[in-house]
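A.B. asks: Give me a model of this one.
(one chain, ligands or ions: 2)
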Amino acid sequence: MSENRSMRHCLNDYPSDRVLIAPSVLACDWAQFGEEVQAVTAAGAEVLHLDVMDGHFVPNISFGMDVVKSVRTLSDQVFDVHLMIDNPRKYLKRFALAGADHITFHVEVWDDADELIDQIHALGCTAGLSLRPATPIDAVVPFLPKLDMLLVMTVEPGFGGQSFHGEQLSRILKLRQLIDQTGKAVRLEVDGGIAEDTAQLVRSCGADVLVAGSSVFRDKGKYRQAIDRLR
Ligand code: DX5
Ligand code: ZN
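C.D. replies: Residues are numbered from 1 along each chain as shown. Ligands and ions are numbered 1, 2, ... in the order given. This is a model prediction of the structure:
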């Protein structure tokens, strides 16, 4: 969608057996946003996780498409836009135009997920669906064969820096089994409280894209070490 699309990566550029690390910019130093994006790109993270919050779907407000666009030229990472907003349908095109490579929306917006996934694909992006910790997994199962990535929240969405919910491990394992039964290469992403210890746990349950905010951005100048510890 943007002029330099050919320079950018997408999820499908990576072999399906490679675990991808996705730093969440929510935890970065916002006074240095551009430099932070460049630093985690240089540190070897394949994906940049961009948390968009509207103050309605979640109680917090973060940023919108203009911020995504502002750093698009600074990184060739997969831009993974996590929409925690009530009306994703209204904004899909604008995030794609701003430079999203992947767009995830939440099943709890109770829109026509089938149609939204088609719209995301038609915009040239890969499509993801997410569920809150308390949402029954049955809500996402019908859509697995159409998805490029399923995002399991391991904290309540809305804020960085929360503790990992251990009870999500059995759901991750179950969803990995259900994904494998589809025969499709659907990525399984986890988000919330991922650090060195929890990364091992979720990987053993079949997660292969790890979002990490606080544990990556905690120590400036040491992003590569933090990312390597998650692998
Ligand atoms: C929470 C966001 C997460 C958050 C993760 O609603 O979706 O991406 O930034 O932050 P940590 O890794 O600090 O839990
Ligand atoms: Zn997120």
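A.B. asks: residue contacts, His9?
C.D. replies: His9 makes contact with Glu46, Asp76, Gln77, Val78, Asp101 under the criterion Cβ atoms under 8 Å, 6 or more residues apart in numbering. Where you see a C-beta, it was placed from the backbone N, CA and C, and this is true even at glycine.
A.B. asks: Show me which residues of the protein are close to ligand 1?
C.D. replies: By the rule Cβ under 6 Å from any ligand atom, the part of the chain lying against ligand 1 is 24, 26-27, 49, 51, 82, 155, 157-162, 191-194, 211-215.
A.B. asks: Just the closest residue of the protein to ligand 1, please.
C.D. replies: Sorted by distance to ligand 1 under Cβ to the nearest ligand atom, the residues of the chain start with Gly213, at 2.9 Å.
A.B. asks: so where's the chain shaky on pLDDT?
C.D. replies: Counting by pLDDT under 70, the low-confidence segments of the chain come to 1-6.
A.B. asks: how about the helices in it?
C.D. replies: When assigned using DSSP state H, the helices of the chain occupy the ranges 33-42, 65-72, 88-98, 113-122, 168-182, 196-204, 214-217, 223-230.
A.B. asks: Show me what counts as buried in the fifth one.
C.D. replies: The one in question is helix 168-182. Along helix 168-182, these residues count as buried under the neighbour rule (16 or more other Cβ atoms under 10 Å): Gln168, Leu169, Arg171, Ile172, Leu173, Leu175, Arg176, Leu178, Ile179.
A.B. asks: ok, now stretch 122-135?
C.D. replies: Buried positions in stretch 122-135, judged by neighbour count with 16+ other Cβ under 10 Å: Leu123, Cys125, Thr126, Ala127, Gly128, Leu129, Ser130, Leu131, Arg132, Thr135.
A.B. asks: Just the C-alphas of that stretch, formatted as PDB.
C.D. replies: Included here for stretch 122-135 are C-alpha records, laid out as PDB according to Å, rounded to 0.1, in the frame of the first residue of the first chain:
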ATOM      1  CA  ALA A 122      -8.300  -7.300   0.000                       C
ATOM      2  CA  LEU A 123      -6.200  -4.400   1.400                       C
ATOM      3  CA  GLY A 124      -3.000  -6.500   0.900                       C
ATOM      4  CA  CYS A 125      -2.500  -7.300   4.600                       C
ATOM      5  CA  THR A 126      -2.400 -10.500   6.500                       C
ATOM      6  CA  ALA A 127      -5.300 -10.900   8.900                       C
ATOM      7  CA  GLY A 128      -5.500 -11.700  12.600                       C
ATOM      8  CA  LEU A 129      -8.100 -12.300  15.200                       C
ATOM      9  CA  SER A 130      -7.700 -11.900  19.000                       C
ATOM     10  CA  LEU A 131      -9.500 -12.900  22.100                       C
ATOM     11  CA  ARG A 132      -9.500 -11.700  25.600                       C
ATOM     12  CA  PRO A 133      -8.500 -14.000  28.400                       C
ATOM     13  CA  ALA A 134     -12.100 -14.800  29.400                       C
ATOM     14  CA  THR A 135     -13.600 -15.200  25.900                       C
END
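A.B. asks: quick one: contacts for Met153?
C.D. replies: For Met153, counting by Cβ under 8 Å, 6+ apart, the contacting residues are Ser130, Leu131, Arg132, Pro133, Gln168, Asp191, Gly192.
A.B. asks: How about Ile179?
C.D. replies: When contacts are counted by Cβ under 8 Å, 6+ apart, Ile179 is found next to Leu144, Leu150, Val186, Leu188, Gly206.
A.B. asks: if you set the cut-off to 10 Å instead, what comes out?
C.D. replies: For Ile179, the contacting residues are Val141, Leu144, Pro145, Leu147, Met149, Leu150, Ala185, Val186, Arg187, Leu188, Gly206, by Cβ atoms under 10 Å, 6 or more residues apart in numbering.
A.B. asks: That concludes my questions; thank you for your assistance.
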